[in-house]
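# here is the input, now give the coordinates:
(one chain, ligands or ions: 1)
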Amino acid sequence: MQQTLLSFVQADIEIGQTKSGLTESSDSFLTHLHRRQKSPFKPTLAFDLIGKTEQHLSDKLAKFYNEQDLNAFSFSIYQHLADLSFRGLSKNRINVNFGGDHSLSMATVEASLRHNPNTLVIWIDAHADLNSAEESLSGNLHGMPVYYLMQKPENRPASLHWMKNHLPSENIVYFGVRDLDHFEREYLESKKIMHFTVHDIRTQGLTFCLSQLAKKMSQFENVHVSFDIDCLDTNYALCTGVPVNNGLELSEIYSLAQLVASSGKLKNLDMVEINPRLAKSALELNETFEIALQFIQQITEGKSEYASVYPTDSARA
Ligand SMILES: [Mn+2]
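Model prediction:
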């Protein structure tokens, strides 16, 4: 059977939020994958392990309410992750960064931009993750990555000077976003950042939204997809820290995945915020990893051979 080889980085970082367990996600996913490889419905994906980087929650939670808090923290793990992700990309195949919380995308998007500044980021998430430390109510870093990616390097706090590239506001598109605070809403409007809320997708139609996205993708050489599992509706087992209802359906994320696959431009992919410890059962965790696996397969190969065997929209209808 023809297999697709992908680079795989274990981005076991969980300090961007407050629930332990995200550092176990990539190992659990690999266990799930190995079990699946022994089943009759073998995935066609194979992963080349590039490396692993770990940052566990310690007793003292990392909270960031201002620049001083950011500068008091060592981002060496993030810097290391950026190097690993860049190494994965340099192998001339699609790289997957399996998280971890969404703060890790500061490092992986930095790697994508280092690889090619002409990169479009597609941020698939219930949240915009667009707060500065000063604007954040929670002080959780996983709500801030896009803000710091979009800052000019010289304006960033000293602890983020390892980030050499900046993400222009026209280089990002949001998909599935629906839980925005006032600051983020203003930011999206003032910077004219392209975004498709779930409401937009339902009122304008998925086909129209995807055609707009396709037009945007055509202006770029490379695509980085940052996939937060909480983009999906809470009907699905998500095992995630900040679920938001009225989310995307599986068929919608698979259509998006196929569009990206058909462009042939995907280079780097984040899969974040699946916390095995938040699963109510082993079955529930399996379902979530199965969604992740199918999404990765669809977005890298443009097909899924076993979608009918495992949970799908129709099975849940
Ligand atoms: Mn997120």
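# so the residue nearest to residue 172 when sequence neighbours are not counted is in which element?
Computed as C-beta to C-beta, 6 or more residues apart in numbering, the closest residue to residue 172 that is not its neighbour in sequence is residue 121, at 4.5 Å. Bear in mind the C-beta positions are built from the backbone N, C-alpha and C, glycine included. According to DSSP states H and E, residue 121 maps onto strand 119-124.
# thinking again about what came up before, what about the residue nearest to residue 172, how many neighbours?
24 (other C-beta atoms under 10 Å).
# give me the nearest residue to the closest residue to the ion within the stretch 151-300 of the chain, chain neighbours excluded.
Closest approach between the stretch 151-300 of the chain and the ion, counting by C-beta to the ion: residue 228, at 3.6 Å. Sequence neighbours aside, residue 125 is the residue nearest to residue 228 in space, at 3.9 Å (criterion: C-beta to C-beta, 6+ apart).
# residues contacting that neighbour?
102, 174-177, 226-228, 230-231 (C-beta atoms under 8 Å, 6 or more residues apart in numbering).
# any idea how far the ion is from it?
According to C-beta to the ion, to the nearest Å, residue 125 and the ion sit 4 Å apart.
# and that residue, what pLDDT?
For residue 125, the model assigns a pLDDT of 98.
# can you start the count at 54 instead of 1 from here on
Sure, I'll start numbering at 54, so the last one becomes residue 178.
# count the residues that sit near the closest residue to residue 125 other than its chain neighbours.
With sequence-adjacent residues excluded and distances taken as C-beta to C-beta, 6+ apart, residue 125 is closest to residue 212, at 7.8 Å. Using other C-beta under 10 Å, residue 212 has 18 neighbouring residues.
# helix, strand or coil for residue 146?
What DSSP: H, G, I helix; E, B strand; the rest coil gives for residue 146 is coil.
# now swap in the one 4 residues further on and tell me
Assigned state for residue 150: strand (three-state reduction, three-state DSSP).
# so how far is residue 317 from it?
Going from residue 150 to residue 317 by C-beta to C-beta, to the nearest Å gives 20 Å.
# which helix or strand contains residue 161?
helix 158-168.
# now do that helix: distance to the chain's middle.
12 Å (C-alpha atoms, centre = their mean, to the nearest Å).
# same thing with stretch 199-206?
17 Å.
# one more: stretch 307-322?
From the chain centre to the centre of stretch 307-322 is a distance of 14 Å (C-alpha atoms, centre = their mean).
# next one: stretch 287-296
Centre-to-centre, stretch 287-296 and its host chain are 15 Å apart (C-alpha atoms, centre = their mean).
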